[in-house]
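Student: Prediction below, plus the sequence it came from.
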Amino acid sequence: MKRIDTKEIYEHLDKYMDSEVLLKGWIRNHRKQKEFGFISFSDGTQFNQIQIVYDKSLENFDEIQKWLVGCAISVSGKLVSSPKENQAFEIRATKITLEGDCPEDFPIQPKRHTREFLREQAYLRPRTNLFQAVFRIRSVASLAIHEYFQQNGYLYVHTPIITGADCEGSDQMFKLTTFDFDNLPKDSDGKVDFTKDLFGKKAYITGSGQLQAEAFALAFDRVYTFGPTLRTENSNTKVHANEFWMIEPEISFCDLDGLMDIEEDMLKYVVKYVLDHCKDEIDFCSNFVEKGLREKLEKLVSSQFVRIDHKDVVDILKKADVKWEFQPEYGEDIAKEHEKYITEYFDSPVFIKNWPKDIKAYYMKLNSDNQTVAAVDLEVPGAGELMGGSQREDDYDKLVERMKEFGIATEGMEWYLNLRRYGGCMHSGFGMGFERLIIYLTGVDNIRDVLPFPRTPKSCDY
């Protein structure tokens, strides 16, 4: 008999009802009685479990009764209607065999574990309901992102992990070398001689694929990257990790307004896709993680996003009858408390645009007022900043000047500058931290719980 997945059963129940099936998976719970037993069974192919009912007619009944949570088993039996309320069907087992035993000290028992405990068991936590939901939502959201960009004519670019290009600042990037630290080559000034390293110069692990994506956008019109990104921040907040995934589209002949159109359209598409394809997982998270999660996500899909200048946001914040921990100022960034207030003020996601030039990156388009840049952050209710983007500076001389202001060396960046000389044009792009999106989609508020194996300060296990 050919093995089938539980996902196949749930999707085509009429086809399999009252027929013999073969399943392989794991015991999630096991209730034993004198004459029969009940196994909550999961094979990981979809969120809901299946109940297996067995009785003393099985020749290995006594052996089965000894099997514990976590065991891998093979089950043959008949799919029948279930007399149990809220359960449409069950499997009446005709044969159960052990595929992999599991001892009593298996850490993931059928009870509620804290997320802190489960982080210490990261290699086993996918076997819990919470992480079955989180990582299936992550998988579906990833597919939705690719589908959105592919359907809209974007080229998927694999930008390099190893780079010499400074996008986010070299102090934020991991250094890469083949040197033996106990025998470092030195130059005549006594400094480390990187010309003798593998790449003949300093090399880094990428903090962003944006600069290379810009080069491809100026050939393919619109492109996107989606891959791992690494930063050296020694930050222990709930939303920072040293390794995470980024989505970074770049679009030619696109100004800031066009960019906001794309950001809003993409986010609504992805959220609706997850709502449509992860109904059980979203319901679980809405019931046990963040009450009202489904309603929050449905509201975002139907919302009209607000667009407002940074200066006007500060005006609103200064007039608010609120005792701020951090006073809002015109030339400065806005704090988490400000993000929360402004999304509640408009009861909607908010694009904050045209930011002070001194607090934004060198590659952002300088506005005609010479005080602000054509940058935009998207703030969403309950999560804060979800995306950040800008129109890119397409004027060669202005870009050089901005790089000087920020202390960014032009040496080694000539190729990036030349994009402005060789048929350059107006272009824009944004970045979205994928884990920030998963936090928003699941209600799970710690980045360590939406990464399969999180890399954070003092944590590089597995």
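Tutor: Alright, I've got the coordinates.

Student: Give me the pLDDT for the residue of the chain most remote from its centre.
Tutor: Most distant from the centre of the chain: residue 57, at 48.4 Å, with distances by Cα atoms, centre = their mean. As predicted, residue 57 sits at a pLDDT of 95.

Student: got it, and residue 412?
Tutor: Listed pLDDT for residue 412 reads 85.

Student: Run a quick neighbour tally on it.
Tutor: Residue 412 has 12 neighbouring residues, counting by other Cβ atoms under 10 Å. C-betas here are computed from N, CA, C, even on glycine.

Student: Renumber starting at 338 from here on
Tutor: All set: I'll call the first residue 338, so the last point we hit is now residue 749.

Student: Excluding sequence neighbours, find me the nearest residue to it.
Tutor: Spatial nearest neighbour of residue 749, chain neighbours left out: residue 501 (5.7 Å); criterion: Cβ to Cβ, 6 or more residues apart in numbering.

Student: I figured the one you found hits residue 535, correct?
Tutor: No - in this structure, residue 501 is not within contact of residue 535 by Cβ atoms under 8 Å, at 11.8 Å.

Student: Give me the more crowded residue out of the two.
Tutor: The neighbour comparison of residue 501 against residue 535 (other Cβ under 10 Å) goes to residue 501, with 15 against 12.

Student: Is residue 726 within a helix or a strand, and which one?
Tutor: Under the criterion of DSSP states H and E, residue 726 resides in strand 721-728.

Student: Just the buried residues of that strand, please?
Tutor: Under the neighbour-count criterion of 16 or more other Cβ atoms under 10 Å, strand 721-728 has 721, 722, 723, 724, 725, 726, 727, 728 buried.

Student: Quickly note the distance from the fourth one to residue 396.
Tutor: Same thing as residue 724. Here the criterion is Cβ to Cβ, to the nearest Å. By it, residue 724 lies 60 Å from residue 396.

Student: Just the closest of the buried residues of strand 721-728 to residue 608, please.
Tutor: For the buried residues of strand 721-728, the residue nearest residue 608 by Cβ to Cβ is residue 723; the value is 10.7 Å.

Student: what about the closest one, distance to residue 604?
Tutor: Relative to residue 604, residue 723 is positioned 7 Å away (Cβ to Cβ).

Student: okay, and the common contacts of the two?
Tutor: Here residue 723 and residue 604 share the contacting residues residue 715, scored by Cβ atoms under 8 Å, 6 or more residues apart in numbering.

Student: Return the list of helices and strands in contact with the helix or strand residue 611 falls within.
Tutor: Using DSSP H and E, the element containing residue 611 is helix 593-614. If you count contacts as 3 or more Cβ pairs under 8 Å, 6 or more residues apart in numbering; DSSP states H and E, helix 593-614 packs onto helix 466-488, strand 580-589, helix 630-639, strand 687-693, strand 709-717, strand 721-728, strand 764-770, helix 771-779.

Student: make it 7 Å
Tutor: Applying 3 or more Cβ pairs under 7 Å, 6 or more residues apart in numbering; DSSP states H and E, one finds that helix 593-614 makes contact with helix 466-488, helix 630-639, strand 709-717, strand 721-728, strand 764-770.

Student: can you tell which of those is closest to residue 780?
Tutor: Closest among the helices and strands packed on helix 593-614, using Cβ to Cβ: helix 630-639, at 4.8 Å.

Student: And that closest one, what does it pack against?
Tutor: By 3+ Cβ pairs under 7 Å, 6+ apart, helix 630-639 packs against helix 593-614, helix 616-625.

Student: Reformat those helices as CSV; add mean neighbour count, mean pLDDT and distance to residue 474.
Tutor: Shown next, in CSV, are the helices and strands packed on helix 630-639 (neighbours: other Cβ atoms under 10 Å; pLDDT from 0 to 100; distance: least, Cβ to Cβ, whole Å):
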stretch, mean neighbour count, mean pLDDT, distance to residue 474
helix 593-614, 19, 98, 6
helix 616-625, 18, 97, 5
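
Student: So residue 628 lies in a strand, does it not?
Tutor: No - applying DSSP: H, G, I helix; E, B strand; the rest coil, one finds residue 628 to be coil, outside a strand.

Student: what about it, neighbour count?
Tutor: Residues contacting residue 628 under the criterion other Cβ under 10 Å number 12.

Student: so residue 766 sits right up against residue 585, yeah?
Tutor: Yes - Residue 766 is in contact with residue 585 according to Cβ atoms under 7 Å; the separation is 6.4 Å.

Student: Can you list the buried residues in stretch 353-366?
Tutor: In terms of neighbour count (16+ other Cβ under 10 Å), stretch 353-366 has its buried residues at 353, 358, 360, 362, 363, 364, 365.

Student: which other residues reach whatever helix or strand the fourth one lives in?
Tutor: When you say that, I think you mean residue 362. Following DSSP H and E, one finds residue 362 within strand 357-369. Contact with strand 357-369 is made by 338-341, 343, 374-381, 386, 402, 404-416, 428, 436, 447, 464, as judged by Cβ atoms under 7 Å, 6 or more residues apart in numbering.

Student: what about burial for those, which qualify?
Tutor: Those of these that meet the buried threshold are 341, 343, 374-380, 386, 404, 406-410, 412-414, 416, 428, 464, by 16+ other Cβ under 10 Å.

Student: re earlier: what do residue 766 and residue 585 both touch?
Tutor: In terms of Cβ under 7 Å, 6+ apart, residue 766 and residue 585 are both contacted by the residues 547, 550.

Student: and the end-to-end length of stretch 441-459?
Tutor: 19 Å (Cα to Cα, to the nearest Å).

Student: what comes up buried for the helix or strand just after the strand holding residue 726?
Tutor: Sequence-wise, the next helix or strand downstream of strand 721-728 (DSSP H and E) is helix 733-742. Across helix 733-742, burial judged by 16+ other Cβ under 10 Å covers 736, 737, 739, 740.

Student: Would you enumerate the residues in contact with the first one?
Tutor: If I follow you right, that is residue 736. Shown in contact with residue 736 (Cβ under 7 Å, 6+ apart): 730, 754, 757.

Student: For residue 730, see how far away it is.
Tutor: Relative to residue 730, and taking Cβ to Cβ, residue 736 is found at 5 Å.

Student: How about the third one?
Tutor: As for residue 739, its distance to residue 730 is 6 Å (criterion: Cβ to Cβ).

Student: before we move on, what about the second one?
Tutor: Distance of residue 737 to residue 730, given as Cβ to Cβ: 10 Å.

Student: The closest residue to residue 478 other than its chain neighbours and residue 548, how far apart?
Tutor: Once flanking residues are discounted, residue 478 sits nearest to residue 611: 5.4 Å by Cβ to Cβ, 6+ apart. Using Cβ to Cβ, residue 611 is found at 30 Å from residue 548.
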